[in-house]
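Peer 1: Have a look at this fold, sequence not included:
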């Protein structure tokens, strides 16, 4: 009888604690996250603070915390190398920790996080796994299901790159590397002539001076600070995408966004108003300022799908422009040819500032160059609008590149950057 009584008592204890833990585990349990900053640039580190609180009398004998970060963010660890005094860096998207959390106790932790990729992230969620005293009845739930849970938002801004070091003019690919020191030149304002150098555009040649000197001479163009730049980002990574609404090579689009960030940064140094135009749904762009981006709605279905930002001028507005770039989704709203055709059909709407002063400048940033883009250049040139291309790869779908088209291809160091993580 005594053994039966002990067995019944053990079963009673087991059932009681199982019922107790199944009902009371989440009571008084909270998980909160805060960040050292809510805005950071690519490749920079932040601190990620999380806190577990068990604010009840019942202890938790087993608590496993699976902390996951969105793709593009990584926990940064420094691990000792066996037999040496050095430390080895490692990056993980997930960490697992196991604790015994006593009653009315809290656990505070600090993690170092590396922000590898631009974007707008929601962080703070985790998967919690608990168990009872006997380890026989586990329960798994999301931290977001606990009372008082608050999501934390992190914006990773795109980082600028060195255009002069990373790009070369199309006609300098087989010769000397030609740098582009300033986009802010006006062919109508000339400061004299000089000898032709490989990489100079054909449109700069001064034929009268060439005839008198007996060799090619080009115009020296003054810097002109009243332009309005219009940066067109092509969201297609290939001339023909496998899926018409999603780039097949998103890392190529990341390169385009890095170039656009650099162009915005350059323009801000000279207080040049700059707008961004792209073939992605404007309502999908994650940005707090709803007035920052819109579409040119002319009653046609194409115009409604082309996003166009407000003008950004000077250093004070550079961060706002970078926030716009950070929030761009990997979505294609219209094919590249429809985007370019709509600009050709409505040039004034895409190349004028808000006060209707003509800018006559379009900078197209794309991961490839195609015959359609060359046709676009000819059409815009006939309207007196200057078009410059920045191509973030060596991908050419055009057999012949005319000498009068200003095209810059990426080289070496830009290709070496890791955009895939």
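Peer 2: Right, received. Where do you want to start? These numbers come from a predicted model, not from an experiment.
Peer 1: How many residues are close by residue 303?
Peer 2: 18 (other C-beta atoms under 10 Å). Any C-beta I mention is one placed from the backbone N, CA and C, and that applies to glycine too.
Peer 1: again with residue 63
Peer 2: 20.
Peer 1: Equivalent analysis for the one 3 residues further on, please.
Peer 2: Using other C-beta under 10 Å as the criterion, residue 66 is surrounded by 16 other residues.
Peer 1: mind listing what residue 142 touches?
Peer 2: Residues near residue 142 by C-beta atoms under 8 Å, 6 or more residues apart in numbering: 125, 126, 127, 128.
Peer 1: Can you tell me which of the residues you listed lies closest to residue 75?
Peer 2: Comparing the contacts of residue 142 against residue 75 with C-beta to C-beta places residue 126 closest, at 12.4 Å.
Peer 1: re the thing from before, now, which of the contacts of residue 142 sits nearest residue 21?
Peer 2: residue 128 (13.4 Å).
Peer 1: Summarise which helices and strands the strand or helix carrying that closest one is packed against.
Peer 2: With elements taken from DSSP states H and E, the one containing residue 128 is strand 126-131. If contacts are counted by 3 or more C-beta pairs under 8 Å, 6 or more residues apart in numbering; DSSP states H and E, strand 126-131 sits against strand 29-35, strand 60-68, strand 139-142.
Peer 1: Repeat the analysis, applying 7 Å as the threshold.
Peer 2: Secondary-structure packing of strand 126-131 (3 or more C-beta pairs under 7 Å, 6 or more residues apart in numbering; DSSP states H and E): strand 60-68, strand 139-142.
Peer 1: and the shortest one, which strands flank it?
Peer 2: Neighbouring strands of strand 139-142 in its sheet, by DSSP bridges, are strand 126-131 (antiparallel).
Peer 1: Using TSV, lay out the contacts of residue 142 together with distance to residue 390.
Peer 2: Below are the contacts of residue 142 laid out as TSV (distance: C-beta to C-beta, whole Å):
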residue	distance to residue 390
125	38
126	41
127	43
128	47
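Peer 1: which one of the residues you listed is nearest residue 202?
Peer 2: The closest of the contacts of residue 142, once distances to residue 202 are taken by C-beta to C-beta, is residue 125, at 56.7 Å.
Peer 1: hang on, residue 51 packs against residue 108?
Peer 2: Yes - Residue 51 is within contact range of residue 108, at 4.9 Å (criterion: C-beta atoms under 7 Å).
Peer 1: what bridges to residue 153?
Peer 2: Bridge pairing for residue 153 - DSSP bridges - gives residue 122.
Peer 1: Give me the contact list for stretch 295-308.
Peer 2: 275, 277-282, 285, 293-294, 333-334, 338-339, 342, 346, 349 (C-beta atoms under 7 Å, 6 or more residues apart in numbering).
Peer 1: re earlier: let's have the helices and strands packed on strand 126-131 in JSON lines, adding mean pLDDT and distance to residue 158.
Peer 2: Formatted as JSON lines, the helices and strands packed on strand 126-131 follow (pLDDT from 0 to 100; distance: least, C-beta to C-beta, whole Å):
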{"stretch": "strand 60-68", "mean pLDDT": "92", "distance to residue 158": "24"}
{"stretch": "strand 139-142", "mean pLDDT": "89", "distance to residue 158": "31"}
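Peer 1: Identify, out of those strands, the most deeply packed stretch.
Peer 2: Of all the helices and strands packed on strand 126-131, strand 60-68 carries the top mean neighbour count, a mean of 18, counting by mean count of other C-beta atoms under 10 Å.
Peer 1: Brilliant, that's me finished.
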